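*Asks:* The following block contains a protein sequence and its predicted model.
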Amino acid sequence: MVGGQHPGRGTRNALVGLGPAVYLEILAPDPAQPAPQKPRSFHLDEVKTPRLVGWGAHGRDVAAIFAEAKAKGVQLGEIGSGGRKRPDGVELKWTFTDPDALLGGGVVPFFIDWGSSPHPAKTAPQGATLVGMRAEHPDPASVERMLKVLGVDMPVTRGPAPALIAVIQCPKGRVELR
């Protein structure tokens, strides 16, 4: 499903539901918008080939998650808020830790709270399911420490560069996205 434009940010998205509260957001530059004043989210201007750049985890109290992480030595991106109107006119609003921080090269999640907005997975096209996620990183121990502080259980193995790997069950079999 085409999600919509992010006015002033120079991007638009499409969504794919991967479960009741899980979705894949495909983010791309929006040719219908002028170049934004600041770099596009997720360092999109630097991405040369399609890949998983980062991921978000649900957080009910983003401010508390931010404070607890900071107290334990993990500096999440600053707290912000966003919003946009879906093509059907429904207004979405959310609070998040800045996804552009890309801790651990994007392996460590940012946190997002949809508040009273409908969760995007509920209206995204369905048919696929997230089976699991894992990561690679040149320094897996440091990334695993950050994930543990944040209460995130995800295997991280040594690899030449930071990488997220999502295993998705589709109607015609399993696929791995990197």
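*Replies:* Looks like it came in fine. Numbers count the residues shown, from 1 in each chain.
*Asks:* So what are the sheet partners of the helix or strand hosting Ile168 and their directions?
*Replies:* For Ile168, the host element (DSSP states H and E) is strand 163-170. Partners of strand 163-170 in the sheet, by DSSP bridges, are strand 129-137 (antiparallel), strand 173-177 (antiparallel).
*Asks:* for the residue nearest to the spatial centre of the chain, what are its contacts?
*Replies:* The centroid of the chain falls nearest to Trp55 when counting by CA atoms, centre = their mean (2.8 Å). With CB atoms under 8 Å, 6 or more residues apart in numbering as the criterion, the residues that contact Trp55 are 106, 109-110, 133, 164. For glycine as for every other residue, the C-beta is placed from the backbone atoms N, C-alpha and C.
*Asks:* one more time with 6 Å, if that's ok
*Replies:* Taking CB atoms under 6 Å, 6 or more residues apart in numbering as the definition of contact, the neighbours of Trp55 are Pro109.
*Asks:* Model confidence score at Gly59, please.
*Replies:* The pLDDT attached to Gly59 in the predicted structure is 89.
*Asks:* bridging residues for the closest residue to it other than its chain neighbours?
*Replies:* If you skip the residues right next to it in sequence, Gly59 has Phe111 as its closest partner in space, 3.5 Å away by CB to CB, 6 or more residues apart in numbering. With DSSP bridges applied, Phe111 shows beta-bridge pairing to Ala57.
*Asks:* any idea how far Phe111 lies from Phe96?
*Replies:* For Phe111, the distance to Phe96 (CB to CB, to the nearest Å) stands at 6 Å.
*Asks:* More neighbours: these two, which one.
*Replies:* More neighbours sit around Phe111 than around the other of Phe111 and Phe96, counting by other CB atoms under 10 Å; the figures are 24 against 21.
*Asks:* What separation do you get for the more buried one and His58?
*Replies:* When distance is defined by CB to CB, Phe111 is 7 Å away from His58.
*Asks:* Check Arg51 too.
*Replies:* Distance from Arg51 to His58, by CB to CB: 23 Å.
*Asks:* I'd say Met146 and Val74 touch.
*Replies:* Yes - checked against CB atoms under 6 Å, the pair Met146 and Val74 is within contact range at 5.0 Å.
*Asks:* and stretch 45-53, how far from the chain's centre?
*Replies:* 13 Å (CA atoms, centre = their mean, to the nearest Å).
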